Structures are given as C-alpha cells and as structure tokens.
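> Give the three-dimensional model of this entry:
(chains A and B)
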Amino acid sequence: MSEFLELSFAGIALGSRYALVALGFVIIFRATGVINFAHGGLMLLGAYFAYALIATGMPFALAVVLAMLGTAAFGATVERVALRPLVGRPVYAAIMVTVGLLFIMEQLATTIWGHNALTLGDPWGLDTVTAGDVVMPVKDLWTIGLAALALAAFFVLLRYTRIGVAMRATAADPEAALAQGISAGRITAVSWAIAAALATVAGVTFAAGPNALSPGLSTVALIAFPAMILGGMDSPGGAVVGGLIIGLVQSLTAGYQEDVLPWAGENVHHVMPFVVMILILLVRPYGLFGTREVRRI
Amino acid sequence: MRDLRSLLRGRRDGPAAGLHRSHRDAVRLWGTPWARFGLVLLVAGWALVPQFVTDDFWLSVLNYAGIAAVAALGLNLLTGYTGQISLGHAVFLGVGAYAAAQIGEGGDIPIVVWLPAAALIGGLVGAIIGPFALRLRGNYLVIVTLGLVFIAEHVFRNLKDITGGNTGTPVSASPSIGSFDVTDLSFAGQSYSREQGWFWLIWAIVALTALMTKNIVRTRPGRAIQAIRDRDLAAEVVGIEIGRHKIWVFAISSAFAAAAGALYGSYQEYVSPDEWNLFLSIQYIAIIIVGGVGTVFGTILGALFIGALPSVIEEYSDSIPGVAAKAGDSGISVYSLNQAIFGVLIVAFLLLEPRGLAAIWLRVKTYFRTWPFRY
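Sure thing, here's the model as predicted:
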C-alpha cells in the first residue's frame, strides 16, 4: 500500500509539472490555433536563465521570478519576430516554424551552457519527509505547491482581469473579439509571455534536486503533448487534469510494469503517455473537456 | 502544373506561363522543346556524374542525398500536395530498412523483390496507422505521428528478433539481380566502384519516384488531394471523400519512405534504432520546405541541399570559424550546428521564401523567358 501511495504521490508531482507545460500549449493554442512545438525550448531556456541567475549568487526564489520575466519577454519577442508574419497563412506553416524554433532554442542552450548536467542549487535538494510509512521528497511537495500557485494565479487572471476576459473572448470568437476592439496581436503576445513564464516554472521544477539541468529537458515538453490532447486542446482546466492523469499513468507504469506488463519491454513508461493519447483520440478526439468541434470525416 | 503556373508571380496565363490549348496539353510532362532538352541534360548528367566525380566521399554524399530525395518525395505528396504534416516519416524509413533486412537476408534475393516488398510493408503500416489521425479534421496527424516516433522507437528497441535491439542489425540485402550487381559493375573493359554503381541505381530510383509523384498528382485523385489541401470543406462539398483520400496518400507516402529506408539499410549495410528519431523526420520537413512545398523538382533540389549540408559542414568544420571540430574544442559542435542550421533554414524559408528554392529557380527562368519584357 505504501508503495502505491508513494508512486501516486510521485505521479501527482510529475503530473503537476506536465500540467504547467500542457497549460502553456493550451494558452497558445487558444490564442492562435497553433500547436507550439517550441514550448520545450522555452522551458529549457527558462530553466537555464534561472540557473545563470542562481550562479551569480542570487537567492533561488528571486532568480526564478526574474527568469520567468526574462523568458516571458523572450517568448513574446519570438512570437513577434517569427510567428506574427505568418498570420493569415496556412496554420501548418506556423506549426513548422515552431518546430524549427525548437531546434534553434535547444542548440542555443547547448552551445551556451554545454551538455553537462548542472545542479540548480535549489533549497530542497534530497530532503524527504515521512508521513506514516510514505516517504515524500520535499522538492515534490514544493513542486505541487508551486504548480498549484501558478495555476491558481493563471485562472484568477483568466477569470477576473480585463486581459483575461479579452483572452477568453478571443478564444471564443476571434472576429467578434476584434470587433469589440480587442487587439489580437496583444492577446497573442500576452499568451506567449504567460506560457513562457509557466514553462519556466515547469523547467525549474523538472531540473530541481537530483534530476539536474541538461539539454535533454526539452523532450519532456513533448511528453506533455498527450496531456493537452487528453484534457482537450482548448481547455485550460483540461490541461491540468490531463497532466495529472499522464503523470500518474507514467509513475504507476514505471512502478508496476514488471508485474503487470512484463512483455511490453524496458522503459515502457516513457511511451505510455503517447499510448494513452492515441487511445483517447480514438474514443474522444476532442479530449475530456475540449470543445466538441472535432469531427470525424 | 497548376502549381507551377501560379508560382509565376501569380500570373496564370500569358506567354510566361506557356499557352495551353487543351487539358492534355496542360498536363503534359515534357511539353516544350526546352523541357525535352532539359530531360536530355538530366539523363546525360545522371550517366556522366560518376565518371567525373570518382571520389568516394562526394559520391556517398550524392547517394545519401538521393535516398533522402526518395523519402522526401513521399513526404511532399503528404505535406506539399495534401497539406498534412507528419513528424513520423523517419519511422517508415525504419520499417523499410528492417523489412529489407528480413526479406533480403543473405543477399540472394534480387533487389526487384526486396525493394518493392519493403515499400509494400511500409505502405501497409501507413494504411493501418493513418486512420487514427486522418479521420479527424485539423492538424491531428502531426500529434499522432509525434507519438508514433516515440512508440516506434520503443518497439524497434524491444523487438530484438527483427531489429537486433539497441545494437542494431546488419542488412545483407544486396542491390543485385542474379549475378548482376551494381556494386561490382564493369562495362566495356572498365570496372566501376561500389559508390559509382550505387549512384546510378539510387538516382534511377529517384527519377522513377519523381515520375510516379508527377503522375499521381496529375490524375483525378491527385487533383482531389490538392483540393483537400486548398480547402477541405470545399473539397467535401464537390464530392471528394476526404478521409479516404488522406489515408491513401499517407500509405503511398509511407511506402516511398520505406523504399528509401530499404535503400538506406542496404547501402550502409547496417542500421540501428538510434537513426529513426524525430530529428530525421525534421530533416525531411526541412528538405521539402527549403526545396519548395508541392513541387517535385524543388524536393529533389532540397534533398541535394539539405542532404549534402551535414557532410559538407563535417568535412570543412576545421575552416569554419566558431565551430569545434573535435570534442573538447570551444565553440559550437558540428552536430549542434547542423541541428541549428536546419531550424534556421525552416524558419527563414517559411518567413521569407515560402515556396522554397523552386520559386527562386522559376523566377530566374521567367526572367530569361520573357526577356526583354519584365512582367
């Protein structure tokens, strides 16, 4: 039982990181209709920005906040330079541009900071707390707390602020929103900035503790894709639920695969999210909470 | 041809585009004397290049570019003509390579058997996977094929009997029919090297696939897929069954990729599961974007350009400033530089020249054809 609880806890901690990444995908998809493959690159750069600031001796929390702001500015700039000119062109062109951007950002980080794993110097390290006979790493508790905070902040922004209402209006009907005087360009820029800031939090929590920071981090964002599909591509709440489910599935598969699925091969938990994604596309292509716009042909 | 004409600075008719008096005239492949002259030049080039370029390194660069062209022509059918993005093209190269390794084991089976068989298997796998994504409207294929890359890598690593697991498998399928082997050619007292023989074989297959692509896109189903690309709703309204058409294109595109994978395996005689990754798929996307989406000629141009680039950078890494030629040197590594350049090329071409190298070539051609008039 305690093994199950520990695996579930690890799954929720992993899932809350996926939720942050998936929410970033959803925010950009809602604003522009583009699936943003460069998100992993933003996450990587955000984590490296934080690392660079911490390396100067800055307190951890301040460094993360500054890195969020820096990555947000970077994300908005990338959108302005590389994606704004594609407005009005076929969506597939914009998707391809984000794929190209992912490769540029990955190599930018690799060239500046190298291939070696770097420790972020986070305050949690390898500490654990024990409740009953369940051992929980402190960094996972913090991850869940930070993710919950970031998600709550985003949903408050979306629900109660002027820009949040404008974002929802644009997602619901871009042309009607435009007719009301909402600047589509500004919404897109803000969406990219918010997504990049969330990606930074995700990147830092992924790289915290023993995991350390290396360029391979950006592939993690690709594993958050299934979370977005599972929740529904245009549903922020769905992204969170999808992220948690994917995290749990991955953690439990890793824990129990040898007993339950011995024939599936080593490390099958790495691809389980994609298996879940393909299954959900078969039965509910619009995801758990997405708009039922998707239609079979 | 519709595409080629609309490329001419948006003009559809007039002397620049050539005057077509009938449909038959419009879809003709080699319609003008100049085009027929170009065909003669291409064939002469095919026959003569290995006579003058005898260096094994440069021949191997051209051979890999040719293999890339075969696969990219398949992706171009899917992306360029049907408007569907796939990130899983590399998977089908893998399927083809393993199929060739299994069927052609021992090297006694002639190439006319194992190559089509590998293509057929790739096509079947495509036809099985396609419906998962292609029956949905929108860009679902890109997401499903992303998952496919990871799932297939897992399968390739664990299906040890066929793929050899992590270490890979030798491919003994040989490019021969009976005693006729392209790796050991001799003609009129002159014997040719392995690389020269492969060049003739690979580029003949490129020509064959290019012709197949051309023929597919000027048939009725070929026009149907272009209608789907241009506006799927309108295509449905005029009676095109979108789902069915997208699935057969995906199957054919996969078959081309599998044929390229079979050639690739047989050419380098060994394949490992590390090769069929996301980056390889991105390379094919870069090829069709740089070359020119929706043109056969551009795809081959792009394959030559993108296919040769990594080798050329590798070869001259000593003399490019800021590049670390050896591990441990400061500066950007060759591998990183390649990935970054592909990224930059994709972004730059989509932003600045979305019709690719083919559009540049057509502008030059139009300039001379209409000279001294500039319209």
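
> Tell me which residues touch A:Ala19, please.
Contacts for A:Ala19 (CB atoms under 8 Å, 6 or more residues apart in numbering or on different chains) come out as A:147, A:151, A:227, A:239-244, A:247. Glycine gets a C-beta too; all of them are placed from N, C-alpha and C.

> Kindly recompute the last result at 7 Å.
A:147, A:151, A:227, A:239-240, A:243-244 (CB atoms under 7 Å, 6 or more residues apart in numbering or on different chains).

> A:Thr253 now?
A:268-269, A:272.

> Next one: it from B:Gly197, what distance?
To B:Gly197, A:Thr253 is 49 Å away according to CB to CB, to the nearest Å.

> What of B:Ala71?
21 Å.

> Going by how many neighbours each has, rank these two and give me the top one.
B:Ala71 (32 against 21; other CB atoms under 10 Å in any protein chain shown).

> So the helix or strand hosting that one, near chain A or not?
B:Ala71 is part of helix B:56-76, with elements assigned from DSSP states H and E. No: interface with chain A: helix B:56-76 contributes nothing (CB under 7 Å from any CB of the partner chain), its closest point being 12.0 Å away.

> Could you tell me how many residues sit around A:Ser142?
Check again: residue A:142 is Trp, not Ser. For A:Trp142, the count of nearby residues is 17 (other CB under 10 Å).

> cool, the one 10 residues further on as well?
The tally of other residues near A:Ala152 (other CB under 10 Å) stands at 10.

> next one: B:Glu315
14.

> Nearest residue to it in space, please, no chain neighbours.
Nearest-residue entry for B:Glu315: B:Phe57, 7.3 Å, with adjacent residues in sequence omitted and distances by CB to CB, 6 or more residues apart in numbering or on different chains.

> do you know how far the one you found is from B:Glu195?
In terms of CB to CB, B:Phe57 sits 9 Å off from B:Glu195.

> got the phi/psi numbers for B:Phe187?
Main-chain dihedrals, B:Phe187, degrees, to the nearest 10: phi -150, psi 130.

> Show me what from chain A comes close to chain B.
Counting by CB under 7 Å from any CB, chain A sits next to chain B at A:35, A:82, A:85, A:90-93, A:95-97, A:99-101, A:103-104, A:106-107, A:110-111, A:222, A:225, A:229, A:265, A:268, A:270-271, A:274-275, A:277-278, A:281-282, A:285, A:294-297.

> Looking at those residues, which are in strands?
In strands, judged by DSSP state E, none of these are found.

> now those: which count as buried?
For those, a burial check counting by 16 or more other CB atoms under 10 Å in any protein chain shown picks out A:35, A:82, A:91-93, A:95-97, A:99-101, A:103-104, A:106-107, A:110-111, A:222, A:225, A:229, A:265, A:268, A:270-271, A:274-275, A:277-278, A:281, A:285, A:294.

> Looking at B:Phe57 and B:Glu195, which is more packed in?
Taking neighbours as other CB under 10 Å, B:Phe57 and B:Glu195 compare with B:Glu195 leading, 21 against 10.

> Name the secondary structure element that contains that one.
Going by DSSP H and E, B:Glu195 is part of helix B:194-217.

> ditto for A:Ile246
Assigned by DSSP H and E, A:Ile246 belongs to helix A:236-260.

> Okay, buried residues for that helix please.
For helix A:236-260, by 16+ other CB under 10 Å, it's A:236, A:238-255, A:257.

> so what's the residue lying closest to A:Gly290 once chain neighbours are set aside up against?
Counting by CB to CB, 6+ apart, A:Gly290 lies nearest to A:Gly232, which is 2.3 Å off, once chain neighbours are set aside. With contact taken as CB under 7 Å, 6+ apart, A:Gly232 is in contact with A:238, A:286-290.

> possible to save those residues as TSV with pLDDT and distance to B:Ser22?
What follows is the contacts of A:Gly232, written out as TSV (pLDDT from 0 to 100; distance: CB to CB, whole Å):
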residue	pLDDT	distance to B:Ser22
A:Gly238	90	55
A:Tyr286	82	47
A:Gly287	83	51
A:Leu288	85	55
A:Phe289	85	55
A:Gly290	79	49
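
> of all those residues, which comes closest to chain B?
Checking the contacts of A:Gly232 against chain B with CB to the nearest CB, the nearest one is A:Tyr286 at 9.2 Å.
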